[in-house]
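Student: based on what follows, work out the 3D shape:
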Amino acid sequence: MSTEFKTLDLAKLDWAKVDGLMPVIVQDAATLRVLMLGYMDRDALEKTRDSGKVTFFSRTKKRLWTKGETSGNHLELVDIRVDCDADTLLVTATPRGPTCHTGAASCFTAAPGNFLGALDALIKQREHDRPLNSYTTKLFEKGARHIAQKVGEEGVETALAGVVQRDEELLGESADLLFHLIVLLRMRGLSLDDAVAVLEDRHAKAAEKAAS
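Tutor: Okay, the predicted model is just below:
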């Protein structure tokens, strides 16, 4: 959970502007896909903070409503941020089951998302569950050395495809390389986001240096 949310002063939110009900946009923490829109009053926000499960104020039920209290499809809180006017919240959460009452992953069926984030989350789950007859399971069971060897092989094949093969082959080898790299990161207890964070840090430092 972010430092911003831990130190958030609820009294500074502009509740009067929204008549006590603040719009809340919920995104999948792994894919950043928009999952739903809901509303929170002060009590719902405090319960979300204290329980770790995203809770809204239901305008139809006229009471607090924790997502998944009936279906079991909870939204586990990851982060929460406030917009520039302090009258809208952005929540990132890990969905446990479909978010929409129709059974869809999102209430916005065409909402875009980051597939690599979804793949990373799936590989993490595969590492935990170790389903039978899964290629990913077999990789984890063979260990880090074997996975690292696969990354090396795919890296060489990607480089060769970039020089002597068609775009189709280059894309295919690149996809294989990305997949095995994510598996290797997960084998070491790391995530794709951790690698991206390094790139973001390098970019920020380069930008800062260029501006100085």
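Student: closest to the centroid, which residue in this protein?
Tutor: Computing the C-alpha centroid of the chain and ranking residues by CA atoms, centre = their mean puts residue 30 first, at 1.4 Å.
Student: give the next helix or strand downstream of the lowest-mean-pLDDT helix or strand in the chain.
Tutor: Sorting the helices and strands of the chain by mean pLDDT, DSSP states H and E puts helix 3-6 at the bottom, at a mean of 61. Per DSSP states H and E, the first helix or strand lying C-terminal to helix 3-6 is strand 22-28.
Student: from the contact counts, what lies against that next one?
Tutor: strand 34-40, strand 89-95 (3 or more CB pairs under 8 Å, 6 or more residues apart in numbering; DSSP states H and E). All C-beta atoms are positioned from the backbone trio N, CA, C, and that covers glycine.
Student: one more pass at 10 Å, please.
Tutor: strand 34-40, helix 42-51, strand 55-58, strand 75-82, strand 89-95, helix 115-129 (3 or more CB pairs under 10 Å, 6 or more residues apart in numbering; DSSP states H and E).
Student: mean neighbour count and mean pLDDT added to the ones you listed, as TSV?
Tutor: Converted to TSV, the helices and strands packed on strand 22-28 look like this (neighbours: other CB atoms under 10 Å; pLDDT from 0 to 100):
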stretch	mean neighbour count	mean pLDDT
strand 34-40	21	97
helix 42-51	17	94
strand 55-58	22	96
strand 75-82	19	94
strand 89-95	21	95
helix 115-129	16	93
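Student: need those in a markdown table (columns: distance to residue 25).
Tutor: As requested, those are exported to a markdown table (distance: least, CB to CB, whole Å):
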| stretch | distance to residue 25 |
| --- | --- |
| strand 34-40 | 6 |
| helix 42-51 | 14 |
| strand 55-58 | 12 |
| strand 75-82 | 10 |
| strand 89-95 | 5 |
| helix 115-129 | 17 |
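Student: residue 206: which of the ones you listed is closest?
Tutor: Nearest of the helices and strands packed on strand 22-28 to residue 206, taken as CB to CB: helix 115-129 at 22.9 Å.
Student: show me what the closest one is packed up against.
Tutor: Against helix 115-129 (3+ CB pairs under 10 Å, 6+ apart) you get strand 22-28, helix 135-142, helix 167-187, helix 192-211.
Student: mean pLDDT for the ones you listed: which is lowest?
Tutor: Looking at those, the lowest mean pLDDT belongs to helix 192-211 (a mean of 93).
Student: distance between the ends of stretch 126-140?
Tutor: Across stretch 126-140, the terminal residues are separated by 9 Å (CA to CA, to the nearest Å).
Student: ok, back up a step: contacting residues for the residue nearest to the centre of the chain?
Tutor: 78, 92-95, 113-114, 116-122, 124, 191-193 (CB atoms under 10 Å, 6 or more residues apart in numbering).
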